[in-house]
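> give me coordinates for this.
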Amino acid sequence: MKFFKSSFVKLPQHRRFNYVPRYYDPAKEAREDMKNRIRFEKGAFYKQGNNRLVGAFTEKDSYRSHRQNTVNRYLRMLYLVLMMGSIWLYLMGKIGGISTIFLLMVFMILFIRKVNA
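Purely as a prediction, here's the structure:
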């Protein structure tokens with residue numbers, strides 16, 4: 001059933017805007033800046049384990065995931081074209097029935113694996 005729900009193009013999804021209002025306290029902000037500046041001057045910036053630079057560039061690479069989705073889409077399209085091509089070769093008399101069934105099964109299995117991945 002998932003086969004019929006799959007799509008070759010990525011359909012837009014609804015996204016909710018989650019705005020959480022925050023209270024701005026200028027005195028607290030000034031205190032935090034002063035603390036951070038003093039820590040940085042003392043060299044504690046590199047000693048603390050919870051700074052924001054550690055792991056900042058190791059987040060999930062959106063380009064890589066987008067590229068992988070594009071590759072999967074092209075592979076699914078290729079498998080469908082190969083399935084239709086094997087049927088066309090059978091109808092034109094270029095390959096036999098057993099070969100056509102074998103090719104269809106192989107391409108169908110590969111297609112289903114890509115759809116479920």
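> C-terminal to the lowest-mean-pLDDT helix or strand in the chain, what's the next element?
One helix or strand of the chain scores below all others by mean pLDDT, DSSP states H and E: helix 2-5, with a mean of 55. Using DSSP states H and E, the helix or strand that follows helix 2-5 in sequence is helix 26-42.
> so what's the gap between the very next helix or strand once past that next one and the chain middle?
Using DSSP H and E, the helix or strand that follows helix 26-42 in sequence is helix 62-91. Put simply, helix 62-91 sits 17 Å off its chain's centre (C-alpha atoms, centre = their mean, to the nearest Å).
> show me which residues of the helix or strand following helix 62-91 are buried.
Counting by DSSP H and E, the next helix or strand C-terminal to helix 62-91 is helix 97-116. Applying a neighbour-count criterion of 16 or more other C-beta atoms under 10 Å, one finds 100, 103-104, 107, 110-111, 114 buried in helix 97-116. The C-beta positions use only the backbone N, C-alpha and C, and glycine is treated the same way.
> can I get these in CSV with pLDDT?
Below are the buried residues of helix 97-116 laid out as CSV (pLDDT from 0 to 100):
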residue, pLDDT
T100, 90
L103, 88
L104, 90
F107, 88
L110, 86
F111, 86
K114, 82
